[in-house]
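Engineer: Quick one: sequence plus predicted model below, questions after.
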Amino acid sequence: MFDPAKPADRASFLKIASLFEGGLVVAAYLIGWLGDVDPLANLRPELKALSWGLAGTVPLYLLFLLSYHIPVGRLHAIKRFLIERMGPLLDACHWRDLLYLGLLAGITEEILFRGVLQPMMEASWGWTAGIVASNILFAMAHFVTPCYALLAGLTGVYLGFALDFGGERNLLTPILIHAIYDFLAFLAVARTYRAERSVYF
């Protein structure tokens, strides 16, 4: 049986996550090659994009905290899923592992969805349709429950807008928002799992 407390299982979790997320980069370059889109064309190390990325994380994380600490209806089911299914895996990780996972997801998923799919779909169907269509795919990629997929899709739309924060397109902004948000959310889920477990043991 899978025991996330064992170092080997922790290593397996990190390895599987790395392989899966790394596969997204491979997919991004393949789709980009087919659609004549450079995945990193809009990635530039600029201070303005860094600032927007840090600032843009705040409202997204505040919404997470609100839904996480006041879970109503289907949000409660999502919270239980995160704690019961992801909690043991995340709790077995060091905070550096969680930072790595956040950066991994932020970089790889944004390269695919905001670096390739959104620009490619915008070129074919226009800006609005490009954001909508690319984030339908983003929602489907995060389909755990219909509500979770909806929230993921709306988050993707926010990240799609973040691509153009500050009036100049830069992939660094949504990468930072995505990565920091995931890291903070991972920490919250791990802490909650640990707290609940201490009550029973």
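Structural biologist: That came through, no problem.

Engineer: Low-confidence bits of the protein, can you list those?
Structural biologist: 1-8, 199-201 (pLDDT under 70).

Engineer: Show me where it has its helices.
Structural biologist: 7-35, 47-69, 74-81, 87-91, 95-112, 118-125, 127-141, 146-162, 172-200 (DSSP state H).

Engineer: Next, the angle helix 118-125 makes with the last one.
Structural biologist: Using axes from the mean of the first three to the mean of the last three C-alpha atoms, to 10 degrees, the inter-axis angle of helix 172-200 relative to helix 118-125 is 130 degrees.

Engineer: any idea how far helix 172-200 is from the chain center?
Structural biologist: 11 Å (C-alpha atoms, centre = their mean, to the nearest Å).

Engineer: Which positions within it qualify as buried?
Structural biologist: Residues of helix 172-200 classed as buried by neighbour count (16 or more other C-beta atoms under 10 Å): 172-186, 188-190, 192-193. C-beta here means a position set from N, CA and C on the backbone, and glycine is covered the same way.

Engineer: The fifth one too?
Structural biologist: By neighbour count on 16+ other C-beta under 10 Å, the buried set for helix 95-112 is 97-112.

Engineer: what comes into contact with that helix?
Structural biologist: With C-beta atoms under 8 Å, 6 or more residues apart in numbering as the test, helix 95-112 has contacts from 10, 14, 17-18, 21-22, 24-25, 27-28, 31, 39-40, 90, 93, 138, 141, 159, 171, 174-184, 186-187, 190.

Engineer: dump the residue contacts of F165.
Structural biologist: Contact analysis of F165 by C-beta under 8 Å, 6+ apart lists 49, 52, 56, 173.

Engineer: okay, the residues you listed in CSV with distance to C147 next?
Structural biologist: Supplementary listing: these in CSV, determined by distance: C-beta to C-beta, whole Å:
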residue, distance to C147
A49, 31
W52, 29
G56, 23
T173, 27
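
Engineer: which of these tops the neighbour count?
Structural biologist: T173 (32 neighbours; other C-beta atoms under 10 Å).

Engineer: dump the residue contacts of that one.
Structural biologist: 49, 52-53, 56, 162-163, 165-166.

Engineer: hmm, back to that, between all of the buried residues of helix 95-112, which two are separated the most?
Structural biologist: D97 and L112 (22.4 Å; C-beta to C-beta).

Engineer: picking that back up, from the contacts of T173, pick the one nearest A123.
Structural biologist: Among the contacts of T173, and counting by C-beta to C-beta, the member closest to A123 is L163, at 14.1 Å.

Engineer: Could I get the phi/psi values of the closest one?
Structural biologist: phi -60, psi -30 (degrees, to the nearest 10).

Engineer: Make sure it is actually in contact with I175.
Structural biologist: No. At 9.7 Å, L163 does not count as touching I175 under the criterion of C-beta atoms under 8 Å.

Engineer: State the number of residues packed around the closest residue in space to L150 that isn't next to it in sequence.
Structural biologist: Closest residue to L150 apart from its sequence neighbours, by C-beta to C-beta, 6 or more residues apart in numbering: A139 at 6.7 Å. By other C-beta under 10 Å, 20 other residues sit near A139.
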